[in-house]
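Undergrad: sharing a model that was predicted from the sequence below.
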Amino acid sequence: MKILVPIKRVVDYNVKIRVKSDGTGVETAGVKMSMNPFDEIAIEEAVRLKEKGVASEIIAVSMGVAACAETIRTALAMGADRGVLVETDAELQPLAVAKMLQVLVTREQPGLVIMGKQAIDDDMNATGQMLAALLGWSQGTFASKIVLEDGAAFVTREIDGGLETVKLSLPTIITADLRLNEPRYASLPNIMKARKKPIETIKPADLGVDPAPRLTIVSVAEPPKRQAGVKVGSVAELVAKLKLEAKVI
Ligand code: AMP
């Protein structure tokens, strides 16, 4: 069974996000970029399924600027077998990504698509669900455990009230949550080996998809600055402040 893993290149999670001075988005010039952390978890899960002999091939797909090839190399070093880069300078939104993935899934025929539950740059949490809808496939979102058995996927999901396990018929879409696993670091020999693994580069037009955005971002602004805390001298002062100054935010 093939597993397809979509991976997004995003601002590294350690970087303090800065809004562009004209308020049109987040500053990415000169900023460290990395694989979306939930996508690393998705790759790790796919590699573990291959190590167990359940999966035969892992295909890492990234869409965006040419530098997404670096993100694919990271996935190849972790254990993916080959990459597909859909290269475009267009600003990509979840529907366009899902439509392009739909065409790739039809071409590659994977038994499983494992992706991140959300990208940490736009926090959309939409692409997996849209892809499942476009394909008419089952979906197991926010997965913290995946067991493949009897031709089905048993996915334990993190929901508000606790954990829920769903049985999904294959092929299916699974989106990875934080507790699914702890991704490995690529070893030096595997980084070297990854250089020889193939990456196919195509354009959105090759998939017959117009990636033009459907949503217009009106403005991007930083959250209001929080005021510094104060030390109170007595319980009476604290009670007075709670009565007169405290607000529910
Ligand atoms: P989102 O719906 O934008 O929060 O993204 C959810 C997941 O969709 C990500 O964790 C990735 O697995 C996948 N995804 C989103 N955008 C891209 C992209 N440009 N290239 C590859 N995968 C993507």
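TA: That came through fine.
Undergrad: C-alpha from now on. contacts and neighbour counts both.
TA: Will do.
Undergrad: which residues of this protein score low on pLDDT?
TA: Across the chain, the ranges flagged by pLDDT under 70 are 249.
Undergrad: gap between the longest strand along the chain and the chain center?
TA: If you go by DSSP state E, the chain has its longest strand at strand 138-149. Distance of strand 138-149 from the chain centroid (CA atoms, centre = their mean, to the nearest Å) equals 15 Å.
Undergrad: may I have the strands that pair with it, each with its orientation?
TA: strand 152-159 (antiparallel), strand 172-176 (parallel) (DSSP bridges).
Undergrad: which residues of the chain lie near the ligand?
TA: 6-8, 38-39, 61-64, 94, 97, 115-119, 122-128 (CA under 6 Å from any ligand atom).
Undergrad: which of the residues you listed are buried?
TA: 6-8, 38-39, 61-64, 94, 97, 115-119, 125, 127-128 (16 or more other CA atoms under 10 Å).
Undergrad: which ones among those map onto strands?
TA: Going by DSSP E, the strands hold 6, 61, 62, 63, 64, 115, 116 from those.
Undergrad: in contact with the third one, which residues?
TA: The reference is to residue 62. 6, 7, 8, 9, 68, 69, 71, 72, 83, 84, 85, 86 (CA atoms under 8 Å, 6 or more residues apart in numbering).
Undergrad: one more: the fifth one?
TA: Residues counted as contacts of residue 64 (CA under 8 Å, 6+ apart) are 9, 85, 86, 87, 88, 89, 90, 91, 92.
Undergrad: surely residue 164 and residue 145 touch.
TA: No. Residue 164 lies out of contact with residue 145 (CA atoms under 8 Å); the separation is 10.3 Å.
Undergrad: show me the strands in the chain, by range?
TA: Using DSSP E, strands in the chain cover 2-6, 9-11, 33-35, 57-64, 82-87, 112-116, 138-149, 152-159, 162-169, 172-176, 199-202.
Undergrad: the fifth one pairs with which strands?
TA: Think strand 82-87. Per DSSP bridges, strand 82-87 is paired in its sheet with strand 57-64 (parallel), strand 199-202 (parallel).
Undergrad: can I get the CA coordinates of the last one in PDB?
TA: What follows is strand 199-202, C-alpha atoms only, in PDB (Å, rounded to 0.1, in the frame of the first residue of the first chain):
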ATOM      1  CA  ILE A 199      11.700  14.600  -6.700                       C
ATOM      2  CA  GLU A 200       9.300  15.200  -9.600                       C
ATOM      3  CA  THR A 201       8.600  18.900 -10.200                       C
ATOM      4  CA  ILE A 202       5.300  19.900 -11.800                       C
END
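Undergrad: now render the strands paired with strand 82-87 as TSV, adding distance to residue 43.
TA: As requested, the strands paired with strand 82-87 are exported to TSV (distance: least, CA to CA, whole Å):
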stretch	distance to residue 43
strand 57-64	8
strand 199-202	16
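Undergrad: and of these, who's closest to residue 176?
TA: In terms of CA to CA, the element of the strands paired with strand 82-87 nearest to residue 176 is strand 57-64, at 14.9 Å.
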